[in-house]
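Undergrad: Predicted model follows, preceded by the sequence.
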Amino acid sequence: MVGSTPLPLKIAGRVFLVLVALFMLAPLAVVVGASFTSEQFLAFPPTGFSLEWFTSAVEDTTYTYPFVFSLQIALMTAFGAATLGTLFAIGIARHKVPGAAALQSFALSPLTMPSIIFAIGILQTVSVLLGGSSAAVLIVAHIVITVPYVVRTVLGVIARSDGSTEEAVRVMGARWWQRYWHVLLPMCRPGIIAGAFLAFIVSFDDAVVALFLRTPQLQTLPLAIYGQLEFSASPTVAAVSTLSMALTAIAILAIEKIVGLGKVFS
């Protein structure tokens, strides 16, 4: 058949995909496997099976306090990013804003900026203007790097609408806030939810920005894990990492179940 892919090329492509998948999943498998070891130190493959380290993970305040703090930061980040990202996306999609394309590129620019450069910039800014970091600064920094996810998901939903429903309710005499509250926002709900979940995941898992903005009081879970690895090789670290990955996986599955990633990003 003309235009068909040769069989050897198909096989090579599939082998390449399998190798890439193994390369990405192998470190995760090692961490998960090491978290169930019965040894007193990190070991893979585990020589025995034990849940001792998971018990230690949920009882050790070295991890529980940073976990609660990371959860609080991630929730506030998700709320802030969802609010600002939704307003921005609706503004450039439903209003004739001069330079809308440039504004959209600017809103998405944190995705193209290396995290370490952004973190250094934030650190220098808060050092000069505020004299130091705080939880509020960390939240604002996380909102900046996660707003693009909300903008992208909401714009993706709006792009699939021709605006006929909004125009119909406008012709029927609905006020602008009624059109937004009863038509546009419900239409954007899948994108808002997906973007908020993504913002939560990015904030909860962030280590680079949190590392530059950390203080003795600002200790997130990724930093706690990193700090413990510097001084010990306890399987508790692997157990905490496994629980963190499980939370992230649950969030991703929730996005897919509630709104469907394919529908949002198509």
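TA: Noted; the coordinates are in hand. From a predicted model like this one, the values you see are computed outputs, not experimental measurements.
Undergrad: Pull out the buried positions in the longest helix belonging to the chain.
TA: Scanning the chain for the helix with the most residues, using DSSP state H, yields helix 61-94. Buried residues in helix 61-94, counted by 16 or more other Cβ atoms under 10 Å: 62-63, 66-67, 69-71, 73-78, 80-82, 84-86, 88-90, 92-93. Heads up, the C-betas are built off the backbone N, CA and C, glycines and all.
Undergrad: Then stretch 226-240?
TA: So for stretch 226-240, counting by 16+ other Cβ under 10 Å, buried means 228, 234-240.
Undergrad: Tell me which of the residues you listed fall in helices.
TA: Mapping these onto helices (DSSP H) picks out 228, 235-240.
Undergrad: low-scoring stretches of this protein, by residue?
TA: 1-5, 43, 162-183, 259-266 (pLDDT under 70).
Undergrad: give me every residue that touches the residue nearest the centre of the chain.
TA: Nearest residue to the geometric centre of the chain (Cα atoms, centre = their mean): Val202, 2.5 Å. Applying Cβ atoms under 8 Å, 6 or more residues apart in numbering, we find Val202 in contact with 142, 145-146, 149.
Undergrad: Neighbour count and distance to Leu22 added to those, as CSV?
TA: Output for those, formatted as CSV (neighbours: other Cβ atoms under 10 Å; distance: Cβ to Cβ, whole Å):
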residue, neighbour count, distance to Leu22
His142, 26, 32
Ile145, 23, 30
Thr146, 29, 30
Tyr149, 26, 28
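Undergrad: Let me have the residues you listed in CSV, extended by distance to Arg189.
TA: Below are the contacts of Val202 laid out as CSV (distance: Cβ to Cβ, whole Å):
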residue, distance to Arg189
His142, 23
Ile145, 23
Thr146, 18
Tyr149, 16
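Undergrad: can you tell me which of those residues are in helices?
TA: 142, 145-146, 149.
Undergrad: on that earlier part again, packing partners for the longest helix of the chain?
TA: helix 100-108, helix 135-159, helix 185-205, helix 221-231, helix 235-258 (3 or more Cβ pairs under 8 Å, 6 or more residues apart in numbering; DSSP states H and E).
Undergrad: please redo it, this time with the cut-off set to 10 Å
TA: Judged by 3 or more Cβ pairs under 10 Å, 6 or more residues apart in numbering; DSSP states H and E, helix 61-94 is in contact with helix 52-59, helix 100-108, helix 135-159, helix 185-205, helix 208-213, helix 221-231, helix 235-258.
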